[in-house]
Structure formats: C-alpha cells, structure tokens
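*Asks:* what would the 3D arrangement of this be:
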Amino acid sequence: MRRTKEDADKTRAAILKAALKVFYKKGVSRSTLTDIGQAAGVTRGAVYHHFKDKVDLFLQLSAEITNSRHFNPEIWSDDSVQTLDDLREVILERLRLFFDDRDMHKFMMTMFSRMEYIDDFKEFWINAKKDQQHSIQSLEKALIRLKDNGEVRAEISPAHAARHIYIFIDGIYDCWSIDEKEFLIREELEEAVDEFLMLFKPV
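*Replies:* Okay, here's the model as predicted:
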C-alpha cells in the first residue's frame, strides 16, 4: 500500500512525541534512535526516513514545541505591552506554559538538566543564544516604552532590567527543573512575579 502524506505526517508526529518521552526519561546523550523508534512503534529505518540523525531529530523537536506554542522572542515586543500589568501578564503566561503544558515542561527540563553542552548540539546552542539575545533586546524595547509611559522608575536602566527579567524567568525554569516538587508550586507564581516587579514600580 502506498504511503500517503497524512500517514507520513502521523509517523513523524509519533516519532517526535516518542523522542520527547525518551529524551526526558533517559537524557539526550544516552538515548538512541532505536530507543525512540521502539517507543514510537516504528522501525529505526522509519526514524531515519524523517530525521537524518539524533541531532536533527532534537532540533526539529525543539522547533516543533516552541513554534507551536508561539514561544518566541517576539512576545516581548508586542505593542500591547503598554503597562507594567501587561508585562506581568506576559511573564505569567510564559511561566504558566512551563508549569501547565506537560510537553513544554518535559522539553525545558530536558534542556536544563538532561543534555550535555557538546559539539554535536552546537547548532542548538547557537540558536538558543540568538533567541536569548533577541528576547533581551525585545524586552529592553518594551521597558523603554514602559519607562516613557511612567510605568517604571525613572532611574531604571531598560537594558539592565531586561537582563534581570530574563534571569528571573530562566532562574525559575532552572531551579524548578532540579526540584520540581518543592522549589516553587504553581500557586506561588503570581506572588513571585508581583514581588519581583515591585522593584520596577515608581515610588
């Protein structure tokens, strides 16, 4: 029977889903395409039909998860962020995604604590660094706008504040990936963000 594009798409989706599960459980370096194929219920050859190697599979998994959830640097540069409350909601939306979206949570946990910074994944880390820089630049633009609107203290440096906000969010990801049960519970998110943003409010 001739395979249809729909069949191929379903197989690819099953492999990506299995890859996320295997990477999360075993770590990226210890996972093999055979492991992933078995978890997806397909042959190793079927995995190679869609992905040239494990690095390619991981890169496509990363793109699939982030793009499908609009998890990108542009979120900060949206003109709708006109007040500190708007910024609060964007920060909370990003953190809630980590807590509530199980696939995003597994991927972030894998990235922070289940993979190595090795040459094979150089392309991934180059892309991650570019996204980080873009996010901080977009945050800085949003903070300049908020400062012009009188939403943050006059002495605040938008460039410094942008890095501090990024560190605050990334720190929660990182610490929670180490101790996901006790570091910060879901119900504390709003309080944590509110206390942090108090540092920016005009007196």
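*Asks:* quick check: buried residues in the helix or strand hosting Asp86?
*Replies:* Taking DSSP states H and E as the criterion, Asp86 maps to helix 84-100. Within helix 84-100, the residues scored as buried using 16 or more other Cβ atoms under 10 Å are Leu84, Asp86, Leu87, Arg88, Val90, Ile91, Arg94, Leu95, Phe98, Phe99. (Glycine included, C-beta is placed from N, CA and C.)
*Asks:* repeat that for stretch 133-150.
*Replies:* Judged by neighbour count using 16+ other Cβ under 10 Å, the buried positions of stretch 133-150 are Ser135, Ile136, Ser138, Leu139, Glu140, Ala142, Leu143, Arg145, Leu146, Lys147.
*Asks:* gap between that stretch and the chain center?
*Replies:* The chain centre lies 20 Å from the centre of stretch 133-150; the measure is Cα atoms, centre = their mean, to the nearest Å.
*Asks:* ok, stretch 50-64 next?
*Replies:* On Cα atoms, centre = their mean, the centre of stretch 50-64 falls 16 Å from that of its chain.
*Asks:* do stretch 24-44 as well
*Replies:* Relative to its parent chain, stretch 24-44 has a centroid offset of 22 Å by Cα atoms, centre = their mean.
*Asks:* got the end-to-end distance for it?
*Replies:* Criterion Cα to Cα, to the nearest Å; first-to-last residue distance in stretch 24-44 is 19 Å.
*Asks:* give me the residues contacting it.
*Replies:* For stretch 24-44, the surrounding residues in contact (Cβ atoms under 8 Å, 6 or more residues apart in numbering) are 11, 14-15, 17-19, 21-23, 46-48, 51, 53-54, 57-58, 106-107, 109-110, 114-116, 118, 121.
*Asks:* among the residues you listed, name the buried ones.
*Replies:* For the contacts of stretch 24-44, buried by 16+ other Cβ under 10 Å: 11, 14-15, 17-19, 21-23, 46-47, 51, 54, 57-58, 106-107, 109-110, 114-115, 121.
*Asks:* how near is the residue nearest to Leu33 when sequence neighbours are not counted to Thr32?
*Replies:* Residue nearest to Leu33 in three dimensions, not counting chain neighbours: Val47, with 4.9 Å by Cβ to Cβ, 6 or more residues apart in numbering. Val47 sits 10 Å away from Thr32, taking Cβ to Cβ, to the nearest Å as the criterion.
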